[in-house]
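> Prediction below, plus the sequence it came from.
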Amino acid sequence: MKHRTLALLLGLLLVLAACGDDGGEETTTTVTTAPPTTTGGTVRIGWGGAPADLNPGIGVLIEDYTLYELVYNTPISLDLDGNYVPELATDWYVSDDDLVWTMKLAEGVTFHDGTPLTSEDVKFTLELYRDTEDFVFMPSYFDGDEVIEAPDPTTVTITKEVPTGSFEGRMVFMYILPKHIWENEDPATFDNAAMIGSGSFKLTEYRQGEYLRLAANKDYWGGAPIVDEVIFQTFENADARVQALINGDVDMVTEFPATAIPTLEANPNITVATGEPLAPDLTDIIFNVTEPEDCPADDGICTGHPALRDLQVRRALAQAVDKQQLITTLLLGLGTPGRAIVPTGLGVWFNDALEDYAFDLNEANRLLDEAGYLDTDDNGIRECPAAMDCGDRPELRFRLNYPEDSDTAPRLAQTLADWWQQIGVDLQIQVLDSDTLTSVCCPSFDYDVIIWGWGSDPDPGFLLSVLTCEEIPTGTNESGYCNPEYDALYAAQQAETDLDTRVAMVHEMQQILMDDLPYIIPFCALSSQAYRNDRFVGWRDDATKLALEDPTSLDVIRPAG
Amino acid sequence: MRGWARFRRSKMGMIGAVMLLVAVVVAVFAPWLAPYDPYAPSSPTIEDIYAPPSGEHLLGTDDGGEDVLSGLIYGSRVSLIVGFSAATISLLIGGLIGLVAGFRGGRVGNLLMRITDFFLVIPDIALQIVIVAIVGQSLRNIILVIGVLGWTPTARLVRAQTLTVRERKFVLRARAVGGSDRYILRRHVLPQVLPLMLANTVLEISLAILAESTLAFIGLGDPTLISWGQMLNFAFTRGAVSAGAWWALIPPGLGIVWVVLGTTLLGNALEELLNPRLGRHFLEKEPPTQATPGTAPEQPELLLSIKDLKVTFEVGAAPVVAVDGVSLDVCRGEAMGLVGESGCGKTTTMLAALRLLPPGGAIAGGNIWFEGRDLAALRPNELRPMRWRQFSMVFQGAMNALNPVKTVGWQIAEAIRQHEPTVTADEAAARAGHLLETVGIGGDRAGDYPHEFSGGMRQRAMIALALACGPGLVVADEPTTALDVMIQAQIMDLLAALRAELGMSLVLITHDLGVVAESCDRAAVMYGGVVVEQGTIAEVFRDPQHPYTRLLLAAFPDIDQPDRPLASIPGTPPRLDEIPPGCRFAPRCPHAFERCHTERPPAYPLGPRREAACFLVERTWQGVTDG
Amino acid sequence: MRGRGLRAPPPISLMTRGSLFLRKIIWALITIFVVITFNFFLFRVLPGDPAKAGVKDPRLSPQAVAALQQRFGLDKPVLFNTQGGNLFDSQYFRYLGALAQGDLGTSYAYKSRPVTSMLGRALVNTLWLVLPAQILAIVLGVLLGLVAAWRRGTKLDVSALIFALFTWALPTFFLGILLLFVGSRYLGLPTGGRITIGADYASFWATAGDVLRHLLLPTLTFALVLLGEYMLIMRSSVVEVFSEDYILTAKAKGLTTFQIIRRHAFRNAMLPIVTLIALNLGFTVSGAIQVETVFSWPGLGKLTVDAVAQRDYPLLQGAFLMLAVSVVVANLVAELVYLRLDPRVTEV
């Protein structure tokens, strides 16, 4: 949950992705070993948060979306290996001019109340999501030019005026709602307490902040789950959660501190699984590189230290960060070193050919010496070269801010301060709440260095847009980085519909960022989950991504023995 | 430095002071004591995270691979800085407001107190959380918030103390001679209030430390500092329990307990020192009585016969003898006056006789024969059925002797039903009403509470209570003191009438010789814990043998000789721990000679139930025995 | 002093006591009013003005912002509207008006959810936790204090004293973690939640047992922390009462120790405890925050902490108001109980 507030504040990046894929006629990678010998049972899941909104339009928490995945269907879903797979839409085509998208819907789909799900419901839902301004994220998946039609009960067409690439990526969040219920409600305020969907589970009881109970939808059109019931219980404290698993009070926990892994692994009845989080995320160290001419006219204060605009200084700082050490200390090894702004978990989009800066304090010192940043007054902190105008801040003394809701940032900040001190750079650490951090960050650019993070969509488009010149005044561009070459590539890849060409462009953009260093990405965290192997078996813990609370697992697990 | 001496005797206070001192020393010398510098850069490996205690890390390592012992040592700095600084802020604000409110009084004072009361109802932890979350979680802000929000108790305390000081003589005098407010505050009020303020501040320190650790625990501590609360927060949020890393949890927790306990003990001891409370009470287990074996006197007319009674009190280390060999007889139907100055052991003798000694007092020898049984030798549960039914007592100061939250009638009825279980509640209530009427209070007042009665009425109610079970003996301790003359007379008449009617015996403890002369048959004079003279009223009043009796009589106005000058006795009765070796009255006696100072005079029997303890009467006594 | 003959059956004239009751209630109402006003200005003065922050909050839609502005009257002056028109058409009086209708606004973080109902739910959960703990702490603390005072100076007294001081010095959350550690690791007790969800127990007793198992650790934590103070106060209160002259009278009357305690000492010794219970409500809140955090208990304390973390100002403001008002009410109740317990009280 550490990025929750961030996700809230920074708009549509939303930490969510995959959808359930469920039997049916489509091909999935689900490995069904043998027909279940035992059925039924209640699965108890311990997690740290709790859904806050049952209305998919206004939900913002990760837990909200876990619930939507179980109760609703989407036209297309993302499997645990990052592929788009059919769900409600058994098939889809894009017209040659990239302007008309056609989806064929599965037949015999019904909502929990027995009403059939038809193309009318899909049309209604998509239009609702597009047009309801009070919905938090949904409208951003539309450009506003879509004409949505339902020519027959199993066909939906979306006609656009301007082509865009990522059709599938947009459909994975479209939870299809029953028109006959929602058309009579004010969508922005509807509490959706009955939560009628078409998914493999039905919500039976919901206690805000305590627990929720879901009954298996035994009439599920895509093949009913084997278990009878799933209970999600909130244990805010990680130790309480882990202990509940050890005691057998719960059968699975969705998150726990890495420090618990040795204890859990020592227990023969418990299996620990590690994998990429469903929504890849990254932690970033942001430099304020705003040039005076790019400073936003309205909101800009732009007090960044001039030395940070010197690439040589940023290179030195990058060489004074030991990413592996950070992963060891902060994540107990459960993470991968990051490179540019595309997270390692984004599959093909991640450019793993990028060469990272080696941790080398001597080299870092040499770079600074070479660039003329010397400690002339011998106080351990370097000064700007005489030729450079550093105003009233001649020393390399940077402000470092981070959000208070991060549990890794405090130790990260302390460690950075220790390293950078050894290359003559001093940090003044101050924790800020997310609101204040936003207000010093951008578009005011009233900071030097910030530790923050991003969660990613399955498509890298949004994260790449963060570093375009256009986003400087909007506040989405946090570093003030502006490079016309990069912007040109960004525009080109957005319009590109050929996957390989686009991948190449995205990789090139990452190389540019790696060279220019507006950010240092210390790591992308992995997630770990654990379950009782003596209670239920068949958990999907073998894919690239790990989400045992997803329908991909809950639909197929069965009682052990 | 008497305070210091007393403080050193307070075991708990000393322990607290030492605990706090240890914490302060650790905090000051942290860099020398800690094996590692927790603020220095380190590059732990996975094995270093939550490593159990070892030679390298005596208390293991935490979630960041840092040495717990070093964190513990450095953490004391934050706790103590927050504790002391916040308490100082509370002291300054609360002290100022309390002083002004108490010294000024009136509208300003009232308004200030209303504001204080108002802040008292605001849940300060919630306010602290809100403010720290909003203004930012730096050490300075945390200190300010805890300090500024913690002033209310200090203000209330200081105000109360200032109010009492303000009415003291020296302040009134200073004000009368025109001392300015500032002068009076600085010279007279502050020195009186300051010690209590400081004691209270010590307690505030512990509250501030707890508040800091709570804030740190819920993630609102200063993230750049190592504090105990912060360590616990890290351990708790980063899986110490799951990892089984008790060493990351217990030491910082015990660190907090150590400092809080130390300051609490110290603060309590200081407060106790400045504001001593009674430590003892009436229901403590009675010490075993040391009754001297003996046989009951075989005179049927004797109701109470005290023989050679010795009473000791625990004062400090060695017990002091408060009553030393007192022998007294009370016959059936007889009234005896027990007279003497205050502090001569009259009340103690009779309380001991009825086995009602206050805590610390013990019967160290002698016998108390009552109806053939030795009260000094009875066990409490043998004694209990006899109480009130056979002997009762009218206590001095009836205001406090009656339970303020029970009606007077109920308290009388309770005694009746206790000893006569067959009596119904209604009957007992009726009898209580009747008894109140007997003592001249309308029976309809039975439902009143003691505070609704006047002083005289309470005294009568007490007498009614004493008579409730028709006892053979009533001991009345100064029943008329502090009452006006009219009421005194009424009450004494009442007692006389009742005695005549009910045929009971009465022991009247008083320093008022006139009352004794009028209402008693016999008198015994006590001085310094012994009976110096006893006999009939006529004998003692007309022919006093002991110089003390004579001086007492001379000090008392005589209706027959109103013009006789009153002679007060110079000096005071001896302190119980400084009893002179010879005659106890010798230092004040105008007739004392050498022997009086070295040898204790025995009680010389001068006739039937007539005796005096003075060497001056030895010759008379010899005459009596010879004759 | 009241004259004779006017006496009605209750010990003290209804008029005197009645007007005292009334005065207390009026004073409590004034305090609540001041609390409300303070609450209003606190959240206006601090940098995180809920109204202003709310309008800037990117989570809110333009419509919601407009609704907020309307509700808070943000276009209006803060205290008095001196720009013509209605003098009371200001932010402050709008706030009062909304409050009078039980409207504490809508949560930011949990959209579409009125603060009032969120607080109500959390309060019920907190009471589940606080009431048993308070009762346990009061009963045990009072008994222990009584016995310690009665057997003053004995080993029993000293050990009770040390125990009480130690629990007093324990930070609530620390004790909670310790009990969580021991209780869940070695006793297999549940580590969170109020019941075993979805469990279908055959009998009422099985259900009750389940509830008790869940309540045990949090309640024990809370009770132990409260216990020490009750015990210490009760002990000194009892020693004081036991050294009153009327106790000697009662002993002289031939009552047994038990009778003396029951009829004469207990009620009087309880008077300071009554005050303490009410004053402790403020502490109960802080204790609840800590216990609920440790044991994942969805009560008021956790709601407050979450509201802080999420900068959910309407929720925070509401929670704050509710806490303050409940302390005022508890103090009022304590004072009224005091009045009933002690017939002497006729002043202030």
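Perfect, thanks for sending it.
> and the end-to-end length of stretch C:250-261?
One end of stretch C:250-261 to the other measures 10 Å (Cα to Cα, to the nearest Å).
> And the contacts of that stretch?
B:282-283, B:354, B:356, B:384-389, B:392-393, B:395, B:403, B:414-415, B:418-419, C:146, C:150, C:247, C:263-264 (Cβ atoms under 8 Å, 6 or more residues apart in numbering or on different chains). The C-beta positions use only the backbone N, C-alpha and C, and glycine is treated the same way.
> what does the stretch 201-350 of chain B have sitting close to chain A?
B:219, B:223-224, B:236-245 (Cβ under 8 Å from any Cβ of the partner chain).
> Apply 7 Å and report the result again.
Selection of the stretch 201-350 of chain B residues close to chain A by Cβ under 7 Å from any Cβ of the partner chain yields B:223-224, B:236-239, B:241-244.
> which SS class is B:Arg156?
helix (DSSP: H, G, I helix; E, B strand; the rest coil).
> ok, how many other residues are close to C:Thr221?
Other residues lying near C:Thr221 total 28 when counted by other Cβ atoms under 10 Å in any protein chain shown.
> so what's it closest to, chain neighbours aside?
C:Gly176 (4.4 Å; Cβ to Cβ, 6 or more residues apart in numbering or on different chains).
> and the one you found, what does it touch?
C:221, C:290-291, C:294-295 (Cβ atoms under 7 Å, 6 or more residues apart in numbering or on different chains).
> quick revisit: quick check, nearest of the residues of the stretch 201-350 of chain B next to chain A to A:Pro262?
Of all those, B:Ala243 has the smallest distance to A:Pro262: 7.0 Å, by Cβ to Cβ.
> Now do that closest one, the pLDDT please.
Per-residue confidence (pLDDT) for B:Ala243: 82.
> In a helix, it, correct?
No: looking at B:Ala243 with three-state DSSP, it is coil, so not inside a helix.
> any weak-confidence spans in the stretch 151-300 of chain A?
By pLDDT under 70, the low-scoring segments of the stretch 151-300 of chain A are A:165.
> let me fix that: the stretch 301-450 of chain A
A:404-405, A:407, A:433-436.
> so where do the strands sit in it?
For the stretch 301-450 of chain A, applying DSSP state E, counting those that start in this stretch gives strands covering A:335-336, A:397-403, A:426-432, A:449-455.
> closest to chain B out of the ones you listed?
strand A:426-432 (4.9 Å; Cβ to the nearest Cβ).
> ok, now how distant is the closest residue to A:Asp448 other than its chain neighbours from B:Leu120?
Residue nearest to A:Asp448 in three dimensions, not counting chain neighbours: A:Phe398, with 4.0 Å by Cβ to Cβ, 6+ apart. A:Phe398 sits 45 Å away from B:Leu120, going by Cβ to Cβ, to the nearest Å.
> and these two? which has more neighbours close in?
Remark: of A:Phe398 and B:Leu120, A:Phe398 carries more neighbours, 24 against 18, as counted by other Cβ under 10 Å.
> Just grab the bridge partners of that one for me.
The partner list for A:Phe398 in beta bridges (DSSP bridges) reads A:Leu427.
> before we move on, the earlier item: quick one: mark the members of the contacts of stretch C:250-261 that sit in strands.
B:392-393 (DSSP state E).
> Could I have the ChimeraX command that selects the buried members from the contacts of stretch C:250-261?
Of the contacts of stretch C:250-261, the buried ones go into a single ChimeraX selection, burial set by 16 or more other Cβ atoms under 10 Å in any protein chain shown:
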select /B:282,283,354,356,384,386,387,388,389,392,393,395,403,414,415,418,419 /C:146,150,247,263,264
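> can you tell me the residue of the stretch 1-150 of chain B closest to chain C?
Nearest to chain C in the stretch 1-150 of chain B, going by Cβ to the nearest Cβ, is B:Ile125, at a distance of 3.3 Å.
> what about the strand or helix carrying that residue, average pLDDT?
Assessed by DSSP states H and E, B:Ile125 sits inside helix B:124-135. Averaged across helix B:124-135, the pLDDT comes to 76.
> So which elements touch that helix?
helix B:139-149, helix B:190-217, helix C:266-294, helix C:300-309, helix C:313-341 (3 or more Cβ pairs under 7 Å, 6 or more residues apart in numbering or on different chains; DSSP states H and E).
> Would you mind writing the CA trace of it as CSV?
Output of helix B:124-135 as CSV, limited to C-alpha atoms (Å, rounded to 0.1, in the frame of the first residue of the first chain):
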residue,chain,number,x,y,z
ASP,B,124,-4.8,15.8,23.8
ILE,B,125,-3.4,12.8,22.0
ALA,B,126,-5.8,13.3,19.2
LEU,B,127,-4.9,17.0,19.1
GLN,B,128,-1.2,16.1,19.1
ILE,B,129,-1.6,13.7,16.2
VAL,B,130,-3.5,16.2,14.2
ILE,B,131,-1.1,19.1,14.8
VAL,B,132,2.1,17.1,14.4
ALA,B,133,0.7,15.6,11.2
ILE,B,134,0.0,19.0,9.9
VAL,B,135,2.9,21.1,11.0
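> Report the angle between it and helix C:266-294.
Between helix B:124-135 and helix C:266-294, the angle comes out at 30 degrees (axes from the mean of the first three to the mean of the last three Cα atoms, to 10 degrees).
> tell me the angle of helix B:124-135 relative to helix C:300-309?
Going by the same axes, to 10 degrees, helix B:124-135 makes 10 degrees with helix C:300-309.
> Give me the distance from helix B:124-135 to the chain's centre.
Remark: helix B:124-135 is offset 42 Å from the chain centroid, using Cα atoms, centre = their mean, to the nearest Å.
> Stretch A:420-428 now?
Averaging C-alpha positions (Cα atoms, centre = their mean) puts stretch A:420-428 32 Å from its chain's average.
> tell me the SS of A:Arg540?
A:Arg540 ends up coil, using three-state DSSP.
> Looks like it contacts A:Thr552 (just checking).
Yes: because the distance of 5.0 Å satisfies Cβ atoms under 7 Å, A:Arg540 is recorded as touching A:Thr552.
> How about B:Ala432: what's its closest non-neighbour residue?
Excluding its sequence neighbours, the residue lying closest to B:Ala432 (Cβ to Cβ, 6+ apart) is B:Ile412, at 3.8 Å.
> so where does that neighbour fall, helix or strand?
Going by DSSP H and E, B:Ile412 is part of helix B:408-419.
> I'd like to know the average pLDDT value across that helix.
Average pLDDT, helix B:408-419: 91.
> Tell me which residues of the helix or strand where B:Asp426 lies come out buried.
Taking DSSP H and E as the definition, B:Asp426 sits inside helix B:425-438. Of the residues in helix B:425-438, B:428-433, B:435-436, B:438 count as buried by neighbour count, 16+ other Cβ under 10 Å.
> could I get the residues you listed as CSV with distance to C:Arg194?
Below are the buried residues of helix B:425-438 laid out as CSV (distance: Cβ to Cβ, whole Å):
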residue, distance to C:Arg194
B:Ala428, 51
B:Ala429, 51
B:Ala430, 56
B:Arg431, 57
B:Ala432, 53
B:Gly433, 56
B:Leu435, 59
B:Leu436, 58
B:Thr438, 64
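> Any chance of JSON lines for these, columns pLDDT?
Conversion of the buried residues of helix B:425-438 to JSON lines gives the following (pLDDT from 0 to 100):
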{"residue": "B:Ala428", "pLDDT": "91"}
{"residue": "B:Ala429", "pLDDT": "91"}
{"residue": "B:Ala430", "pLDDT": "91"}
{"residue": "B:Arg431", "pLDDT": "90"}
{"residue": "B:Ala432", "pLDDT": "91"}
{"residue": "B:Gly433", "pLDDT": "91"}
{"residue": "B:Leu435", "pLDDT": "87"}
{"residue": "B:Leu436", "pLDDT": "89"}
{"residue": "B:Thr438", "pLDDT": "82"}
